[in-house]
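S.K.: Got a predicted structure plus its sequence, pasted below:
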Amino acid sequence: MSSKKMLVVYYSWSNGNTERIAEQLANVCDADLERIETIEPYPDDYDETVEQGHREVNEGVMPAIEGLEHDPADYDVIAVGTPTWWYTMAPAVKTFLAENDLAGKTVVTFQTNGGWPGSVIDDIEGACAGAAFGPSMEVQFDSTGGDEQVTPQADVDAWIERVKAL
């Protein structure tokens, strides 16, 4: 990666699929890594969390999130990763974007999903007024809510190399 300083910010809940992609990106790009955590944790039960997430997306809820260890203002490139929740970004990511001005930054978006990508990438980009955008990536996992990656790892690796070249 060039002399640009990069931060990978992500939210991950059940199987750690988004976390897995975030860690790969951060490792290859020698970037700092920051996990978004909600102050009020989601239920441990998958079905309860799905129901709560659906309600939050429909109502535009932005749950309170923990303070970040890294300040996005100190970085040139911000990678934002999220699982797909009801065809858009997880509500915690919406909160992160609302609380951080990414204008003037290069934003790289990535999402994980079980086969229904929705409008996640467009929604994240729409929430980043004044930002430039690097290559985005959609990584599909099995549709049963598991952790089996469907998108070929070679595709993920090629995307990471494009991000690294920013």
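M.R.: Alright, I've got the coordinates. Residues are numbered from 1 along each chain as shown.
S.K.: name the element the nearest residue to Pro117 once chain neighbours are set aside belongs to?
M.R.: Nearest non-adjacent residue to Pro117, counting by C-beta to C-beta, 6 or more residues apart in numbering: Glu138, 5.0 Å away. Yep, even glycine has a C-beta here, placed from its N, CA and C like the rest. In the assignment (DSSP states H and E), Glu138 maps to strand 137-140.
S.K.: List the contacts of the next helix or strand along the chain from that strand.
M.R.: Going down the chain from strand 137-140, the next helix or strand is helix 153-164, by DSSP H and E. With contact meaning C-beta atoms under 8 Å, 6 or more residues apart in numbering, helix 153-164 is reached by 1, 21, 24-25, 28-29, 77, 79, 108, 110, 134-135, 137, 139, 149.
S.K.: what's the average pLDDT for helix 153-164?
M.R.: In this model, helix 153-164 has a mean pLDDT of 97.
S.K.: Just the buried residues of that helix, please?
M.R.: Val156, Trp159, Ile160, Val163 (16 or more other C-beta atoms under 10 Å).
S.K.: and if you look at stretch 8-28?
M.R.: Within stretch 8-28, the residues that count as buried by 16+ other C-beta under 10 Å are 8-13, 15, 17-26.
S.K.: Show the end-to-end separation of it, please.
M.R.: Taking C-alpha to C-alpha, to the nearest Å, stretch 8-28 runs 11 Å from one end to the other.
S.K.: got a list of contacts for that stretch?
M.R.: 6, 29, 31-36, 42, 46, 49, 68, 72, 78-83, 90, 92-93, 96, 110-112, 137, 139, 141, 145-147, 149, 156, 160-161, 163-164.
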